[in-house]
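In: here are the coordinates; sequence isn't available:
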């Protein structure tokens, strides 16, 4: 059961990556909303099915002109039906992030159920950006 679900997850990720590249190539410039200060520039993770854990790293970047406090990411996990299984706020090791700087946030989450989808959002301080 889990192997089939994992194969479906991987196939969906490959499709989304390929489709995303095609859509991105069609656009002109990438605009950034004025109120956005922190973005995810890369993310990778892997599932350990036997232990029920997700391990990985997310790199966030300060794209504002001010220092950001306690940057991190919120990682949400969803089942096949779209029901949220878990949501975890994770912070990087830097208390302050200077303009143009990046910080790596480690993902180490124990899950009760293998997720179908993972969603991530950057946040600073106590609020999302």
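Out: Arrived safely, thanks for sending. What you see is a predicted model; the values in this text were computed from it and never measured. Residues are numbered from 1 along each chain as shown.
In: all helices for the chain, in order.
Out: Secondary structure of the chain (DSSP state H): helices at 2-26.
In: from residue 120, how far off is the residue nearest to residue 59 when sequence neighbours are not counted?
Out: Distances taken as CB to CB, 6 or more residues apart in numbering place residue 42 nearest to residue 59, at 4.6 Å, with adjacent residues excluded. Quick note: C-beta positions are derived from backbone N, CA and C, even for glycine. If you measure residue 42 against residue 120 using CB to CB, to the nearest Å, the figure is 11 Å.
In: ok, those two, which is more surrounded?
Out: Set residue 42 next to residue 120 and count neighbours by other CB atoms under 10 Å: residue 120 wins out with 17 against 11.
In: for that one, give me its contacts.
Out: By CB atoms under 8 Å, 6 or more residues apart in numbering, the contact set of residue 120 is 40, 43, 58, 73-76.
In: show me those residues that map onto strands.
Out: 40, 43, 58, 73-76 (DSSP state E).
In: are any of those buried, and which?
Out: Neighbour-count burial (16 or more other CB atoms under 10 Å) applied to these gives 43, 58, 73, 75-76.
In: where does this protein have low pLDDT?
Out: Within the chain, the stretches with pLDDT under 70 are 1-27, 126-129.
In: if we use 90, what do you get?
Out: Where the chain drops to pLDDT under 90, the residues are 1-36, 47-50, 52, 112-116, 125-129.
In: spatially, what comes nearest to residue 92 if we skip its sequence neighbours?
Out: residue 103 is the one closest to residue 92 (CB to CB, 6+ apart), at 3.7 Å.
In: ditto for residue 125
Out: Closest to residue 125 by CB to CB, 6+ apart is residue 69, at 4.9 Å.
In: surely that neighbour is in contact with residue 96?
Out: Yes: with contact defined as CB atoms under 8 Å, residue 69 and residue 96 form a contacting pair (6.2 Å).
In: which among the contacts of residue 120 gets closest to residue 108?
Out: Relative to residue 108, the closest of the contacts of residue 120 is residue 75; by CB to CB it sits at 10.4 Å.
In: please name the bridge partners of the closest one.
Out: With DSSP bridges as the criterion, residue 75 is bridged to residue 88, residue 120.
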